[in-house]
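Undergrad: Mind looking at a prediction? Sequence and model below.
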Amino acid sequence: MSRVGKNPVSVPKGVKVEISQSQVVVTGPLGKLSRSFHPAMQVQLEEDKVWVKRGSDSKFDKSLHGLTRALIANMVKGVTEGFKKALSIIGVGYKAELAGNKLTLSLGYSHPILFRPPEEIKLIVDNPTRIVVSGADKELVGLVAAKIRSFRPPEPYKGKGIRYENEKVRKKAGKTAA
């Protein structure tokens, strides 16, 4: 039995879970998320708990058991609390500006980079060197944060670029003059 999969997902007040065959829809104060799961996984709603059962003890079904439960738990957490990822911009002259829904990044290139996030994602630029990506879908928040980071990943010599807030960048020594 999967250690993660055997635990139920508790559904807090104000969150509605609908299950139809292999489709699960979770609605809460921060939005609505839906996802379809493998037909071998049986998702059941009992009172205020969601249980995930597997069809057999095959290796494939065991691997999906904990994953399915974790994805449903992330959906429930997303519509109640939401997810956030913070990015730091390090470098002289590197900055971010938010105009409406467009993010403009000045990252040392000859042109500014314009980025328009998906509608489900909210960007906050509280100072020119910090971007907060937030939303209900954990996967989409991580994807948007990774896309923004990919415009100028941190380089190993001075550490300039965009990094996650708690990311440690290992620096190289560089050249030494003789």
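TA: Thanks, I have the structure now. Numbering: from 1, shown residues only.

Undergrad: ok, residues contacting the lengthiest strand in the chain?
TA: Ranked by residue count, the top strand of the chain under DSSP state E comes out as strand 83-90. For strand 83-90, the external contacting residues (C-beta atoms under 8 Å, 6 or more residues apart in numbering) are 77, 95-96, 105, 107, 128-138, 141-142, 145, 148-149, 154, 159-165. C-beta: built from backbone N, CA, C; applies to glycine.

Undergrad: Can you say which of these are buried?
TA: Burial by neighbour count, judged by 16 or more other C-beta atoms under 10 Å, picks out 77, 96, 105, 107, 131, 133-138, 141, 145, 148-149, 154, 160-163 from the contacts of strand 83-90.

Undergrad: Which ones among those residues map onto strands?
TA: In strands, judged by DSSP E, the following of the buried ones among the contacts of strand 83-90 are found: 96, 105, 131, 133-135, 161-163.

Undergrad: mind listing the helices for the chain?
TA: Taking DSSP state H as the test, the helices found in the chain are 59-80, 138-150.

Undergrad: ranking those helices by mean pLDDT, which is last?
TA: When the helices of the chain are compared on mean pLDDT, helix 59-80 scores lowest, with a mean of 93.

Undergrad: got the CA coordinates for it in PDB?
TA: What follows is the C-alpha trace of helix 59-80 in PDB, where atoms were taken according to Å, rounded to 0.1, in the frame of the first residue of the first chain:
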ATOM      1  CA  LYS A  59       3.700  -1.900 -10.400                       C
ATOM      2  CA  PHE A  60       2.100   0.600 -12.700                       C
ATOM      3  CA  ASP A  61      -1.000   0.900 -10.500                       C
ATOM      4  CA  LYS A  62       1.100   1.300  -7.400                       C
ATOM      5  CA  SER A  63       3.100   4.100  -9.100                       C
ATOM      6  CA  LEU A  64      -0.200   6.000  -9.900                       C
ATOM      7  CA  HIS A  65      -1.800   5.500  -6.500                       C
ATOM      8  CA  GLY A  66       0.300   8.100  -4.500                       C
ATOM      9  CA  LEU A  67       0.600  10.400  -7.500                       C
ATOM     10  CA  THR A  68      -3.200  10.600  -8.000                       C
ATOM     11  CA  ARG A  69      -3.800  11.300  -4.300                       C
ATOM     12  CA  ALA A  70      -1.000  14.000  -4.300                       C
ATOM     13  CA  LEU A  71      -2.500  15.700  -7.300                       C
ATOM     14  CA  ILE A  72      -6.000  15.800  -5.800                       C
ATOM     15  CA  ALA A  73      -4.500  17.200  -2.500                       C
ATOM     16  CA  ASN A  74      -2.700  19.900  -4.500                       C
ATOM     17  CA  MET A  75      -6.000  20.800  -6.300                       C
ATOM     18  CA  VAL A  76      -7.800  21.200  -3.000                       C
ATOM     19  CA  LYS A  77      -4.900  23.300  -1.500                       C
ATOM     20  CA  GLY A  78      -4.800  25.400  -4.600                       C
ATOM     21  CA  VAL A  79      -8.400  26.400  -4.600                       C
ATOM     22  CA  THR A  80      -8.300  27.200  -0.800                       C
END
